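Visitor: mind looking at a prediction? Sequence and model below.
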Amino acid sequence: MSVGIVEPVPDALQRLLRLAVLELVNGERRRQFPPMLHVGTPGGPTATFEPDGPLDQALRVDVVEALVRRAGCGPAPSLVWLSRPGPLDTQDLDLLWLAAAATAARELGVGLRMVVVDRRSWRDPRTGVGRQWRRLRRRS
């Protein structure tokens with residue numbers, strides 16, 4: 001039940017993903033920061049996890065499931081986003097968390113969309129769909 005994002009991206013989803021990028025821009029001041037996994041709704045109830053070492057796949061699945069429960073995600077599709085520094089070219093870490101999110105979604109019977117977020121963009125590692133901004137500001 002893991003869902004890839006395809007064009008055209010619905011307006012409501014685009015706003016949520018833009019907000020996820022804005023939260024990173026406004027909340028993370030360090031130039032280099034560790035990757036962090038978020039589950040829930042940007043601007044709403046979320047749960048986060050900052051790995052402090054390598055994890056195997058079974059533990060990553062357990063982490064995603066625990067975050068889904070902690071964020072209070074019901075049967076409606078939720079968003080999983082991995083915030084990390086650097087360009088959004090697909091990296092091994094992205095694919096490892098994507099596989100964990102897909103497995104957790106099947107086990108829990110919920111819809112999960114996963115994206116990778118940096119300070120200027122978001123990207124779905126499954127489909128390659130994403131958005132990028134040169135300068136992102138909060139709308140009035």
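Guide: Thanks, I have the structure now.

Visitor: L17: what secondary structure?
Guide: For L17, the secondary-structure state derived from DSSP: H, G, I helix; E, B strand; the rest coil is helix.

Visitor: P42 is in contact with that one, correct?
Guide: Yes: L17 is within contact range of P42, at 7.4 Å (criterion: Cβ atoms under 8 Å). Where C-beta positions appear, they are placed from N, C-alpha and C, glycine not excepted.

Visitor: more neighbours: which of these two?
Guide: The neighbour comparison of L17 against P42 (other Cβ atoms under 10 Å) goes to L17, with 25 against 19.

Visitor: so where is this protein shaky, pLDDT-wise?
Guide: 1-2, 73-77, 137-140 (pLDDT under 70).

Visitor: please work out how many residues are found near G44.
Guide: Neighbour tally, G44, other Cβ under 10 Å: 11.

Visitor: work out which residue lies at the spatial centre of this protein.
Guide: Central residue of the chain (Cα atoms, centre = their mean): W81, 0.6 Å from the mean position.

Visitor: does that one belong to a helix, a strand or coil?
Guide: strand.

Visitor: partners of it in the sheet?
Guide: H38, V115 (DSSP bridges).

Visitor: surely it is in contact with L19?
Guide: No: here W81 does not reach L19: they are 10.4 Å apart, not a contact under Cβ under 8 Å.

Visitor: my read is that V110 contacts G72, right?
Guide: No: counting by Cβ under 8 Å, V110 does not reach G72; the two are 11.7 Å apart.
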